[in-house]
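>>> Build me a model from this:
(one chain, ligands or ions: 1)
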Amino acid sequence: MPENSHSQEINKSAGTVIDVPCTECKRSTKHKVLASVDVAGEDWYGNNSVQYNTHNQIVQCQGCETTTFRTCSTNSEDFDYLSHDRLEYIETVVLYPSRNEGRTPLKDVYLLPSNIQRIYEETIKAMNNDQPVLAGIGIRALVETICKDKQAADNNLFDKINALVQIGVLTTDGATILHQIRTLGNDAVHEVKPHKTDQLSLALDVCEHLLQGVYLLPYYAKQTFK
Ligand SMILES: [Zn+2]
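Now for the predicted structure:
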């Protein structure tokens with residue numbers, strides 16, 4: 001039986017530039033890998049083996065120079081089919097500190113309808129606890145519930161989102177992004193597939209704008225200009 005193998009190389013990926021969400025810039029920016037420990041190996045189980053690669057990297061934002069840590073792993077068992085004969089290995093990226101750590105909810109959440117407040121707060125918790133499947137489902141539920149509450153009623157979520165534009169609570173740009181969220185939710189529910197943290201984070205930003213515009217700003221306006 002072949003032997004297990006394990007090797008590491010120092011700074012193999014150093015100097016490369018990758019897109020990483022920045023803790024300070026609050027968006028995805030170019031990061032340079034300052035130093036790395038790049039690990040590769042193969043473990044044998046009977047006649048089968050699993051190959052793996054992990055890149056442990058110190059990365060620095062090329063805008064604000066904030067320095068953080070990133071690991072990016074792939075293995076031969078974790079892939080998606082792009083078509084019946086083409087596959088793509090799935091990269092698992094973990095960032096330290098977590099880019100959603102301490103994402104704080106909107107203030108005055110108690111002004112939201114109670115069911116919307118609950119879904120919103122649970123979605124924030126899922127984001128902050130690195131639970132991307134649940135966060136994706138939560139974002140979709142949030143959009144569904146706002147549509148229902150605003151009686152943007154139609155058969156499916158696609159039509160409901162467009163109805164939010166027609167009743168004037170959502171811009172067409174916002175709708176375009178919500179349509180992406182709709183797809184996110186579909187994937188999360190039907191394929192139980194986690195989504196990229198930066199996509200979920202943007203989707204949640206859009207939901208927060210919607211909550212602001214639909215519930216919070218009208219309330220503040222009434223208080224301020226009565
Ligand atoms: Zn930065």
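>>> residue ranges with poor pLDDT in the chain?
By pLDDT under 70, the weakly predicted segments of the chain are 1, 100-102, 153-154, 181-194.
>>> Can you pull up the residues of the protein that come close to the ion?
Taking Cβ under 5 Å from the ion, the part of the chain that reaches the ion is made up of 22, 24, 25, 61, 63, 64, 66. In this view, the C-beta of every residue, glycine as well, is placed from N, C-alpha and C.
>>> from what I can see the last one touches residue 58, true?
No. In terms of Cβ atoms under 8 Å, residue 66 does not count as a neighbour of residue 58; the distance is 11.5 Å.
>>> circling back: so which of the residues of the chain next to the ion belong to strands?
Those of the residues of the chain next to the ion mapping onto strands are residue 61, per DSSP state E.
>>> By neighbours, which of the residues of the chain next to the ion wins?
For those, the largest neighbour count, defined by other Cβ atoms under 10 Å, is 22 neighbours, found at residue 22.
>>> Quick check: residue 209 vs residue 157, distance?
Going from residue 209 to residue 157 by Cβ to Cβ, to the nearest Å gives 18 Å.
>>> quick one: which of the two has more around it?
Using other Cβ under 10 Å, the more surrounded residue of residue 209 and residue 157 is residue 157, with 20 against 16.
>>> Got the domain ranges for the protein?
5-96, 109-224 (automatic domain parsing).
>>> okay, those, which one's buried deepest?
domain 109-224 (a mean of 17; mean count of other Cβ atoms under 10 Å).
>>> Quick one: end-to-end length of that domain, please.
End-to-end span of domain 109-224 (Cα to Cα, to the nearest Å): 18 Å.
>>> C-alpha coordinates for the helix or strand containing residue 68, CSV please?
Assigned by DSSP states H and E, residue 68 falls within strand 67-75. Output of strand 67-75 as CSV, limited to C-alpha atoms (Å, rounded to 0.1, in the frame of the first residue of the first chain):
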residue,chain,number,x,y,z
THR,A,67,-2.8,42.7,8.1
THR,A,68,-4.8,39.6,8.8
PHE,A,69,-4.7,35.8,8.4
ARG,A,70,-6.2,33.6,5.8
THR,A,71,-6.4,29.8,5.2
CYS,A,72,-7.5,28.4,1.9
SER,A,73,-8.0,24.6,1.7
THR,A,74,-9.0,22.2,-1.0
ASN,A,75,-9.2,18.4,-1.1
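>>> Now tell me what touches whichever helix or strand comes after that strand from outside.
Note on strand 67-75: by DSSP H and E, the next helix or strand toward the C-terminus is strand 79-83. For strand 79-83, the surrounding residues in contact (Cβ atoms under 8 Å, 6 or more residues apart in numbering) are 87, 88, 89, 90.
>>> and the second one, that's in a strand?
By that I understand residue 88. Yes. Secondary structure assignment places residue 88 in a strand (DSSP: H, G, I helix; E, B strand; the rest coil).
>>> Brilliant, that's me finished.
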